[in-house]
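Visitor: after the sequence you'll find the predicted model.
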Amino acid sequence: MRKIVMFGDSLTDYFPMEKLKDVDGEIINSGQAGDTIAEMAARISYDVLPYQPDIILMQGGANDFLMSLYPGYQELAHRVVNLALRLKQHLPETAIYVESLYPAYTDRIGMMPSWADGKSNEEIKKINEEIRRLCEREGIFFIDIFHHLIGKDGQLSREYTIDGIHLQDNAYETVARVLRSVLESI
């Protein structure tokens, strides 16, 4: 049976694993709420490597984007892809899939979270385009979750979130559908 590690921040940590119960394989959730890319990197030796997974679904970067010390889209994309490359170095036979950053609800009307000041989905798109470009250059698989969650207004659909960034069950159903499709194709 193949081993699949979901590795990420709170968006992975809170993922309702029953949504992937029909996937062929043992799935381990190694998400950790609040993690930045650096914190994810610090825990690969105990949250990823011991499982010797066949597949890694890596999601991260939201906390780096939300921090007041946001490094810019190119640097953040490099951090994400460099972590995937580090995983590849340790696990050369493992298929590594990097998920795009998810959209956020940043509109000032309604439920404007304080973390969203100065942030935009246009910036998240730039980060994702750079991640995609770097993944293609490095031979790493890229999964576009962003375009499955973004609403017609250019925001994370309000029915998908309660705080602008974290997902509700219906949004996780969309994410699960995308991930299931990827896993069934491998």
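Guide: On my side now, so go ahead. Numbering: from 1, shown residues only.

Visitor: show me what contacts Asp64?
Guide: With contact taken as C-beta atoms under 8 Å, 6 or more residues apart in numbering, Asp64 is in contact with Thr36, Ile37, Tyr70, Pro71, Leu76, Arg79. All C-beta spots, glycine's among them, are computed from the backbone N, C-alpha and C.

Visitor: name the nearest residue to Cys135, sequence neighbours excluded.
Guide: Phe142 (4.2 Å; C-beta to C-beta, 6 or more residues apart in numbering).

Visitor: so which residue is dead centre in this protein?
Guide: Gln59 (2.3 Å; C-alpha atoms, centre = their mean).

Visitor: wait, the residue nearest to Cys135 sits on Tyr97?
Guide: Yes. With contacts counted by C-beta atoms under 8 Å, Phe142 reaches Tyr97, the gap being 7.4 Å.

Visitor: between these two, who's got more neighbours?
Guide: Tyr97 (21 against 17; other C-beta atoms under 10 Å).

Visitor: I'd like the next helix or strand past the helix or strand hosting that one.
Guide: For Tyr97, the host element (DSSP states H and E) is strand 95-99. The helix or strand immediately downstream of strand 95-99 is helix 121-138, counting by DSSP H and E.

Visitor: report the angle between that next one and strand 95-99.
Guide: 160 degrees (axes from the mean of the first three to the mean of the last three C-alpha atoms, to 10 degrees).

Visitor: now the helices for the protein?
Guide: Applying DSSP state H to the chain gives helices spanning 10-13, 37-42, 44-47, 62-66, 73-90, 121-138, 146-149, 169-185.

Visitor: need those helices in a markdown table (columns: mean pLDDT).
Guide: Shown next, in a markdown table, are the helices of the chain (pLDDT from 0 to 100):
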| stretch | mean pLDDT |
| --- | --- |
| helix 10-13 | 97 |
| helix 37-42 | 97 |
| helix 44-47 | 97 |
| helix 62-66 | 91 |
| helix 73-90 | 97 |
| helix 121-138 | 97 |
| helix 146-149 | 96 |
| helix 169-185 | 96 |
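
Visitor: quick one, which of these is nearest to Ile162?
Guide: Comparison of the helices of the chain against Ile162 by C-beta to C-beta identifies helix 169-185 as nearest, at 10.2 Å.

Visitor: give me the contacts around the closest one.
Guide: 4, 14-16, 19-20, 22-25, 55, 57, 97, 102, 141, 143-145, 148-149, 156-157, 159-161, 167.

Visitor: try 7 Å
Guide: Here helix 169-185 makes contact (C-beta atoms under 7 Å, 6 or more residues apart in numbering) with 4, 15-16, 19-20, 23, 57, 97, 143, 145, 148-149, 159-161.
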